[in-house]
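Novice: Compute the structure for the input listed below.
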Amino acid sequence: MMLKEDHAGIERALMAHMRYIMEHGLNSGLVFGAMVRRADFLEGDGHLLSCFFTVTTRSVATVPPDVLFVRPAGRYLVTYFRGDYMKTRAAYDRLRDYLQSHPALHAGAYSYEESILEDLSTADPRGYLTRVGIRLQDDSTREE
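Specialist: Sure thing, here's the model as predicted:
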């Protein structure tokens, strides 16, 4: 668990994550991002990161099981946020407001933040674009 305000800690954790995926051949040039636990995105402001993830094209059977996480298939409530990806509070506020106004919808275990445009695309953080998605569940697929 990392606070988004701890830039040095996040940088260390991200570099360790990137080093791991490079050493194990998991990097396929696809998106990477962060996951936030349900309790943190529903009750907080999305300022705690649980872990980083990398999308890979490798077969699930070839990924070390201690780091394997398969994002559940299903419907996702999604919003996009433009600006510094350490300041996604407005995106989480929108998602929480929508979920509160639609009580039949249940959020999944994590939200997923994916960089669409980041520091490799533009030098100005105001141009960053982040996709934030939360899996929607019905009663039969509900995660506790």
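
Novice: quick one: buried residues of the lengthiest helix in the chain?
Specialist: Counting by DSSP state H, the longest helix found in the chain is helix 7-23. Within helix 7-23, the residues scored as buried using 16 or more other CB atoms under 10 Å are 10, 13, 17, 21. For the C-beta atoms, the positions are set from N, CA and C on the backbone; glycine is no exception.

Novice: Roughly how far does the third one sit from L49?
Specialist: Read it as H17. 11 Å (CB to CB, to the nearest Å).

Novice: what does the last one give?
Specialist: Separation of I21 from L49 (CB to CB): 17 Å.

Novice: just for the protein, where's the confidence low?
Specialist: Filtered on pLDDT under 70, the chain yields the residue ranges 1-5, 44-47, 139-144.

Novice: repeat that for 50
Specialist: Across the chain, nothing is flagged by pLDDT under 50.

Novice: which residues of the chain fall in helices?
Specialist: 7-23, 38-43, 89-101.

Novice: Counting neighbours, which bits of the second one end up buried?
Specialist: Read it as helix 38-43. Those would be 38, 40-42, for helix 38-43 by 16+ other CB under 10 Å.
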